[in-house]
Each structure stands twice: as structure tokens, then as C-alpha cells.
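S.K.: for reference, the sequence and a predicted model appear below.
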Amino acid sequence: MLVCAPTGAGKTNCAMLTLLHLIGQHVDEAGVLQRSALKAVYVAPMKALAQEVVTTFSKRLAPLSLVVRELTGDMQLTRAEVDAAHLIVTTPEKWDVITRKGGSDGSLATACKLLIIDEVHLLADERGAVIESIVARTQRLVESAQTTVRIVALSATLPNYRDVAVFLRVNPERGLYYFGGEYRPVPLEQTFMGVAEKNRMRLAGKQNECAFEVVHDAIRRGHQVMVFVHARKETVRTGEAIRDLAMKAGVSDDFRCDGPDSPSKEAFEQHDRQIQKSRNAELRELYAFGFGIHHAGAATPGAHSLKALLCLPTRIIRCATQSVRNNRNASPRSQPCRTCVCRRCHEGPCMHRNAGMGRELARALGRHQRDGGV
């Protein structure tokens, strides 16, 4: 089965339904679930996303006493732990290694009756060859061992989804489901703002001014804003630049969350004590002005508190790198951001040589339940 839908449309729930269908097949006539024969594998593109899937599915499957375990490069399992797990969440590279080996590791692939591949649109990416190997090896196992393994692929909207369905051997009449951008809860609007400047310093200054105008307009309307940059150091520089422009324009009070009339005051004060424990002086300083910074290397106590703050209805401005854009280090319950600013999107990982920038940004704006974007 192949499900193509916009990011945030509920493809994970589709995976949960297929898992429940597998569970229903392991209930005997007496209504008892035969857990020993139940084995499924969820292939997530990143380790942080795998951890999130483990947390989500563990809560949902807890009433059935089913065990969900993570099997990645950072989380190794013993043979007994693998046998006791009913759902294994792994990455494409790890599952490729496991299925490639023979002997005892090969029995795990044989016991698997449901293979869920998330973000299968990464077939067009550099890691696409790994996903191709997984699918081809699974199909060969089905033919050689005369067994049944159901492959469920989840993907963002693809222009060539029919070709992907042919590769996965999906029945187009029963197993192919495509939902276009019209199924987004809130239509996505994209605006490209070009800055014509050859001098690198003046170019950065004009880009910061454009970002400040967009951010301030959204803040005045009571919406959260997320600013994406291409480097970790740029998170601090961009936050400081927007703060300085706000102070120069005399509107810094619009950004602060500790004002007497601020709807975010309670949430701001709740995490202020934890933020002050951070060794990151820039984070402490920017947080006082209503700014937050986050990236894959943020591992301080203040950063963990900032992750929790993303779930609260605050008006904080978050300057983040692509790790947050790809949902690597953020909570799935993050407060919706009506506006997302992708600064200098012609540089860094945002502009991939093999993927169109428009489709990459469109997927990014759908994460964290962001319901619109600039």
C-alpha cells in the first residue's frame, strides 16, 4: 500500500491502522491475542524520528501489552530483546544491514509480517538506494520463502506517485491513495523575496530587514514565527539581528513575553528558571527578549526546556536549523507557527542539488503542525 499525502495529514495514523489490522490477524477464535507470532518493522528516515515513533506507538499499544523497541545505531538490542519486541522501529541503513546478514539476524526479516516505510519519497534522495535495496530484498524474500510480508509506504505528495507504486508492486485500484495539497487543513502560501545585492555583508543586512518585517507583522497578529537558517551559528546571529532591528524601531516590547498584558507570560516564567541554568549566554540573553534558538547541537538544559516551550502557546520567535525543520529534535505537539521564514534558502541543505527547492520547503512548512508559511 502506498499513501501519498501532505506532511501533517495523518500518515502515521494510517500506519497505526495497518498495524491494528495485523494485530487482528493474530487473535484466535477465543479472542486471545497471540503476541509471540506478532512482529512488525517501522522504518523511519532519522534516528530522532524513530525515537518519536517509539514514544507515540508505545502509548497507543500499551493497553494491548505490546512492546515497541528502537533499533538504531545509537540503540542496540540483544537477541532476547528483539524477540520480545512486537514492533521494531529502525532506520533504513540499520534495517539494510540486518536483512543483508544471514544466520540469526536473517530470522528477524523472516518473522516480520508488516514493513512500514516512512518518507518513501526519499527514493529520489542520496539515501534512495538503501530504500530500494530494502524493498527489493523483501520482495525476494516473499518469493523465495513463500511467505507474506505486507509493505506499507508513506510519502509526501509526489508528482510520479504512480511510478513509485509500480516499484512497490502496489495494486493501483486497492492500495494506492493519493491526496494533493488541497487536503491541507489550511492552504499553504509561499512568497519568495529576492534581494539583489552582491556585497555579502549588505546582503545579510537586507535579508535580516526583510525577515524582521515579516516576523514583526506576524507577532503583532499574535502568531508564532519560526525562522530557518542554514548553520548553527546563524541561529544566534539572526536572532540578535532581529532583536537589534526591533530595538532600533522601538517595537521591542511587541516581542517580549514577560509583559503584564502578554498572553505568554505564564508559560514564559514557567521555563525562565530552567533557561537561566543554561551555559549558553546567547540563549539566556535572547530568551529575555522573546527569542529562542535551537539546532541539532543544542544539548544544554536550556535547550531541553526550549523544546518543551515549543508546545506552549507562546509568541516566542524560534531561530532554528534544518534539523528542526526535518523534525529531528522537536516535539510533535509543537505549537502551530502561522509564519515560517526560510532565510538564505539558496544556501545550505535547504537547496539540494537533487531535490526541487519548492517541494523541500513545502514539506518543511508542514512540520510541527505549521498551518501556513511565508
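M.R.: Looks like it came in fine.
S.K.: residues near His223, how many?
M.R.: His223 has 17 neighbouring residues, counting by other CB atoms under 10 Å. Placement of C-beta: from N, CA and C, glycine included.
S.K.: which residue comes closest to it once chain neighbours are left out?
M.R.: Once flanking residues are discounted, His223 sits nearest to Arg338: 3.8 Å by CB to CB, 6 or more residues apart in numbering.
S.K.: hmm, that neighbour is touching Met226, no?
M.R.: No. The pair Arg338 and Met226 does not pass the contact test of CB atoms under 8 Å, sitting 9.7 Å apart.
S.K.: between these two, tell me which one has more neighbours.
M.R.: The neighbour count for Arg338 versus Met226, taken as other CB under 10 Å, is higher for Met226 (31 against 17).
S.K.: name the element the more buried one belongs to?
M.R.: Assessed by DSSP states H and E, Met226 sits inside strand 225-228.
S.K.: now for that strand, which elements pack on it?
M.R.: helix 200-220, helix 232-249, strand 317-320, helix 322-325, strand 339-342 (3 or more CB pairs under 8 Å, 6 or more residues apart in numbering; DSSP states H and E).
S.K.: mind telling me which of those the model trusts least?
M.R.: Ranked by mean pLDDT, the helices and strands packed on strand 225-228 end with helix 322-325 at the bottom, a mean of 51.
S.K.: any idea how many residues pack against Ser144?
M.R.: Ser144 is flanked by 8 other residues according to other CB under 10 Å.
S.K.: let me know the next secondary structure element after whichever strand or helix holds it.
M.R.: Here Ser144, judged by DSSP H and E, is contained in helix 128-145. Proceeding N to C from helix 128-145, the next assigned helix or strand is strand 150-155, under DSSP H and E.
S.K.: report the distance from that following strand to the chain centre.
M.R.: The chain centroid and the centroid of strand 150-155 are separated by 17 Å, computed with CA atoms, centre = their mean, to the nearest Å.
S.K.: ok, stretch 216-230 next?
M.R.: Distance, stretch centre to chain centre, for stretch 216-230: 20 Å (CA atoms, centre = their mean).
S.K.: look up phi and psi at Val43.
M.R.: The phi and psi values for Val43, taken as degrees, to the nearest 10, are phi -100, psi 110.
S.K.: same thing with the one 5 residues further on?
M.R.: Main-chain dihedrals, Ala48, degrees, to the nearest 10: phi -70, psi -40.
S.K.: for Arg174, see how far away it is.
M.R.: 34 Å (CB to CB, to the nearest Å).
S.K.: between those two, which has more neighbouring residues?
M.R.: Ala48 (18 against 8).
S.K.: and the more buried one, what's its pLDDT?
M.R.: pLDDT, Ala48: 78.
S.K.: cool, the one 10 residues further on as well?
M.R.: Per-residue confidence at Ser58 stands at 94 (pLDDT).
S.K.: so it, which state does it fall into?
M.R.: State at Ser58, reduced to three classes by DSSP: H, G, I helix; E, B strand; the rest coil: helix.
S.K.: if we ignore the residues flanking it in sequence, what's nearest it?
M.R.: Val68 (4.5 Å).
S.K.: for that neighbour, name its beta-bridge partners.
M.R.: Beta bridges link Val68 to Leu87 when assigned by DSSP bridges.
S.K.: let me see the contact set for it.
M.R.: Val54, Phe57, Ser58, Leu61, Ala85, His86, Leu87, Ile88, Val89 (CB atoms under 8 Å, 6 or more residues apart in numbering).
S.K.: now, which of the residues you listed sits nearest Gln139?
M.R.: Closest approach between the contacts of Val68 and Gln139, by CB to CB: Ile88, at 19.6 Å.
S.K.: check contacts around the residue nearest to Ala40 when sequence neighbours are not counted.
M.R.: Leaving aside its sequence neighbours, Ala40 sits nearest to Leu114 (CB to CB, 6+ apart; 3.9 Å). The contact partners of Leu114, by CB under 8 Å, 6+ apart, come to Thr18, Leu19, Leu22, Lys39, Ala40, Val41, Val149, Arg150, Val152.
S.K.: again, only using 10 Å
M.R.: 15, 18-19, 21-23, 25, 38-42, 87, 148-152 (CB atoms under 10 Å, 6 or more residues apart in numbering).
S.K.: Val142 now?
M.R.: Neighbour list for Val142: Thr148, Val149, Arg150, Ile151, Arg169 [criterion: CB under 10 Å, 6+ apart].
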